[in-house]
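Student: everything below, folded, please.
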Amino acid sequence: MTELRLENFTMPGVDLGPESPLPSLPAPSGASGVVVEDSIPKFERASFAAGQTRNRLPYLDQDGYTRERKPRAFR
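Tutor: Numbering: from 1, shown residues only. Presented below is the predicted three-dimensional model:
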């Protein structure tokens, strides 16, 4: 019989801090934020920004994280 368990796993991590009150807004149309050198063929450049989300609404950014790692429990 198969058993599924959810457990906590402890490993080094940082505190995320509070959610930012500002939403992550989409980039202007046509601006992917990806900079590609001209030496890359045009057919390859077209797919460099594939998979990037335009925004993450309704989720807010958590950008107040620290760089101090300490043991944290993750699910």
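Student: quick check: pLDDT value at the residue lying farthest from the centre of the chain.
Tutor: Distance from the C-alpha centroid of the chain peaks at residue 1, with 36.4 Å (CA atoms, centre = their mean). pLDDT, residue 1: 83.
Student: distance of it relative to residue 7?
Tutor: The span separating residue 1 from residue 7 equals 18 Å under the rule CB to CB, to the nearest Å. All C-beta atoms are positioned from the backbone trio N, CA, C, and that covers glycine.
Student: please apply the same query to residue 66.
Tutor: 26 Å.
Student: do the same with residue 22
Tutor: From residue 22 across to residue 7, the span is 35 Å (CB to CB).
Student: re the thing from before, neighbour-wise, which of residue 66 and residue 7 wins?
Tutor: residue 66 (10 against 7; other CB atoms under 10 Å).
Student: residues near residue 15, how many?
Tutor: By the criterion of other CB under 10 Å, residue 15 has 14 neighbours.
Student: which non-adjacent residue is nearest it?
Tutor: Nearest non-adjacent residue to residue 15, counting by CB to CB, 6 or more residues apart in numbering: residue 66, 5.3 Å away.
Student: next: residue 17.
Tutor: Leaving aside its sequence neighbours, residue 17 sits nearest to residue 64 (CB to CB, 6+ apart; 2.7 Å).
Student: that neighbour and residue 21 touch, don't they?
Tutor: No - the pair residue 64 / residue 21 is not scored as a contact, 10.9 Å apart, by CB atoms under 8 Å.
Student: looking at the two, which is more packed in?
Tutor: When residue 64 is set against residue 21 and neighbours are counted by other CB under 10 Å, the residue ahead is residue 64, at 11 against 7.
Student: and the lowest-mean-pLDDT helix or strand in the chain, C-alpha only, in CSV?
Tutor: Least confident helix or strand of the chain, by mean pLDDT, DSSP states H and E, is helix 42-45 with a mean of 80. Listed next in CSV are the C-alpha coordinates belonging to helix 42-45 (Å, rounded to 0.1, in the frame of the first residue of the first chain):
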residue,chain,number,x,y,z
LYS,A,42,17.1,35.9,-34.5
PHE,A,43,15.1,32.6,-34.4
GLU,A,44,16.8,31.8,-31.0
ARG,A,45,16.3,35.3,-29.6
